[in-house]
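*Asks:* curious how this folds, go ahead:
(one chain, ligands or ions: 1)
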Amino acid sequence: MLRYLLAGESHGPALVGILDGFPAGLIIKNNFVDTELALRQLGYGRGPRMQSIEKDQVEFLSGFLNGRTLGSPIAFKIPNLDFELRKRTGQKAQRWQVPRPGHADLAGVIRHDYDDCAPVAERASARSTAATVAAGACAKALLKEFGIVVLSHTRSVGQVAAEPLETSVARLRRIRKNRPLRCLDAKAEKLMVQAIDQAIDEGVTLGGEFEVLAFGAPVGLGTYCQSDLRLDAMLSHDVMAIPAVKAVSLGEGLEVAAEDGQNAHDEIFPGSSDFPGSSGFPGGRPSGRSSLGGKPTSGSGFVRTTNRAGGLEGGITNGEPVVVRGFVKPISSQRNRLRSVNLKTGKEGLAAWVRSDTCVVPAAGIVAEAVVAWRLAEQLTTFLGGADLKTMKARFKELRQLEK
Ligand code: EPS
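*Replies:* Modelled structure (predicted):
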């Protein structure tokens, strides 16, 4: 069973994590994890700390021998460079008495009986998501061995929405680096950048929508037998737990609510194609599939021409790409301050403004990739069993033979 525990404060020395249940024999390169960490830091609209202080890098402390996993718990840390900087300069962390509406400030102070809001932000801060991304990168390294790839893109920022363009692995890889917001629609992306510039000028923040796609997930992960084991429910939980995410949809969950039953589902046709789950476009190409559960219903397999269900029917993967969308609120720290109450005086005051980002939508997409990858790796590991990669792969191959 794959599980993790993460810890670390935003202004403490480091973020740390323990990842338990990885099979022996897997190569996880520091470089690969660091690239994922860098992607989370990027994105137009990130704040001064992300742009000029942190340079997140993972340090593995246990779980490896000669570059391969041992099957023992993996421990890692990511140093907070902000901590080092403060140590050198003697600069103290900010404290504040007027909670920011939308942040955990007020609820956290009451829950933990703190004297001011700063201690809440230590762990409620999205800084913690750097560790989530490191954990997710390890999961991605495992998924790669089974041909499963998880990628994301930005669908909207504020009022600017991208055109729904085809989401293939190649296209999503192309926009991964050197693009300000990781958006497939370059024209809309320019407008998004302008919207962020305007938000910076006005001292406000912007939310938006990201989409995560997992390509190549086999049929049969998850179950409808118990509500807590439905994969759609687990993925919704995982993405909803990312700071600033306020809504989640699977595939076109929001859109199909307004359709009739003729236009809400993905019809099934006989046929096959070579790459499992190759179609990422909701209105897109047919795809073949691999199966964890046994023979497909027709000898030659089956294809679909749409993926409105986001690769999940009855809480089980159906061989189409798994598609999860997350809706991010504008983050709560803003220069143009909202009204609130001073905790010391009980009088009206303006919410604290602390160093922060203006838009975190693409970063949240990278964090969502990490949690989706983790969940799929956990499901795959549970399904295949085995304490080493070779055994897992042999079982995976055997299950695929069942299709033929
Ligand atoms: C955050 C406040 C800022 C952000 C931070 C999230 O940090 P600081 O309080 O040090 O200025 O930069 O995000 C990160 C550090 C990160 O790694 O994403 C907050 O209050 O949530």
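*Asks:* avg pLDDT for the helix of greatest length in the chain?
*Replies:* In the chain, with assignment by DSSP state H, the single longest helix is helix 361-384. Mean pLDDT, helix 361-384: 97.
*Asks:* ditto for stretch 33-52
*Replies:* Regarding stretch 33-52, the rounded mean pLDDT is 95.
*Asks:* any part of that stretch near the ligand?
*Replies:* Yes: Stretch 33-52 lies within reach of the ligand by Cβ under 6 Å from any ligand atom, at 47, 49-50. Backbone N, C-alpha and C define where each C-beta goes, glycine included.
*Asks:* narrow these to those in helices?
*Replies:* Among the residues of stretch 33-52 next to the ligand, DSSP H puts 49-50 in helices.
*Asks:* that older thread, in CSV, could you pull the C-alpha coordinates for the longest helix of the chain?
*Replies:* Provided in CSV are the C-alpha atoms of helix 361-384 (Å, rounded to 0.1, in the frame of the first residue of the first chain):
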residue,chain,number,x,y,z
VAL,A,361,-3.6,28.6,-11.4
PRO,A,362,-0.7,26.9,-13.4
ALA,A,363,1.1,26.1,-10.1
ALA,A,364,-2.1,24.5,-8.7
GLY,A,365,-2.2,22.5,-12.0
ILE,A,366,1.2,21.0,-11.2
VAL,A,367,0.2,20.2,-7.7
ALA,A,368,-2.9,18.6,-9.0
GLU,A,369,-0.8,16.5,-11.4
ALA,A,370,1.1,15.3,-8.3
VAL,A,371,-2.0,14.2,-6.3
VAL,A,372,-3.6,12.5,-9.4
ALA,A,373,-0.3,10.7,-10.1
TRP,A,374,-0.1,9.7,-6.5
ARG,A,375,-3.6,8.3,-6.4
LEU,A,376,-3.2,6.3,-9.6
ALA,A,377,0.1,4.9,-8.4
GLU,A,378,-1.5,3.9,-5.1
GLN,A,379,-4.3,2.2,-7.0
LEU,A,380,-2.0,0.4,-9.3
THR,A,381,0.3,-0.7,-6.5
THR,A,382,-2.7,-2.0,-4.6
PHE,A,383,-4.1,-3.8,-7.6
LEU,A,384,-0.9,-5.4,-8.7
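*Asks:* got a list of what I196 touches?
*Replies:* Taking Cβ atoms under 8 Å, 6 or more residues apart in numbering, we find I196 in contact with 44-45, 157-158, 206, 358-359.
*Asks:* enumerate the residues of this structure near the ligand.
*Replies:* 10, 47, 49-50, 82, 121, 125-127, 130, 354-357.
*Asks:* quick one: mean pLDDT for stretch 311-326?
*Replies:* Stretch 311-326 shows a mean pLDDT of 97.
*Asks:* what residue in the stretch 251-400 of the chain comes nearest to the ligand?
*Replies:* Residue of the stretch 251-400 of the chain nearest the ligand, by Cβ to the nearest ligand atom: R355 (3.4 Å).
*Asks:* list the contacts of that residue.
*Replies:* Contacts for R355 (Cβ under 8 Å, 6+ apart) come out as 47-49, 94, 333.
*Asks:* would you mark the buried spots in the longest helix of the chain?
*Replies:* Buried residues in helix 361-384, counted by 16 or more other Cβ atoms under 10 Å: 361-381, 383-384.
*Asks:* what's the distance between the residue lying farthest from the centre of the chain and V98?
*Replies:* Using Cα atoms, centre = their mean, the residue of the chain lying farthest from its centre is T345. It sits 39.9 Å away. Going from T345 to V98 by Cβ to Cβ, to the nearest Å gives 10 Å.
*Asks:* returning to that earlier point: scan the residues of stretch 33-52 next to the ligand and report the most crowded one.
*Replies:* Neighbour counts for the residues of stretch 33-52 next to the ligand peak at M50, which has 22 neighbours (criterion: other Cβ atoms under 10 Å).
*Asks:* quick check: that residue touching D357?
*Replies:* Yes: here M50 reaches D357: they are 6.7 Å apart, a contact under Cβ atoms under 8 Å.
*Asks:* what's the overlap in contacts for the two?
*Replies:* A363.
*Asks:* quick one: the helices in the stretch 151-300 of the chain?
*Replies:* 169-174, 186-202, 231-240, 253-256 (DSSP state H, counting those that start in this stretch).
*Asks:* and those, which is most packed in?
*Replies:* helix 231-240 (a mean of 20; mean count of other Cβ atoms under 10 Å).
*Asks:* how far off helix 361-384 does that helix point, in degrees?
*Replies:* Counting by axes from the mean of the first three to the mean of the last three Cα atoms, to 10 degrees, helix 231-240 lies at 140 degrees to helix 361-384.
*Asks:* tell me the mean pLDDT over helix 231-240?
*Replies:* 98.
*Asks:* by contact count, what packs against it?
*Replies:* When contacts are defined as 3 or more Cβ pairs under 8 Å, 6 or more residues apart in numbering; DSSP states H and E, helix 231-240 packs onto strand 245-250, strand 312-313, strand 322-328, helix 361-384.
*Asks:* can you do 10 Å?
*Replies:* strand 208-215, strand 245-250, strand 312-313, strand 316-317, strand 322-328, helix 361-384 (3 or more Cβ pairs under 10 Å, 6 or more residues apart in numbering; DSSP states H and E).
*Asks:* so which strand or helix has the residue farthest from the centre of the chain?
*Replies:* Assessed by DSSP states H and E, T345 sits outside every helix and strand.
*Asks:* what distance do you get for K393 to V212?
*Replies:* For K393, the distance to V212 (Cβ to Cβ) stands at 25 Å.
*Asks:* the more surrounded of those two?
*Replies:* Per other Cβ under 10 Å, whichever of K393 and V212 has more neighbours is V212, with 28 against 16.
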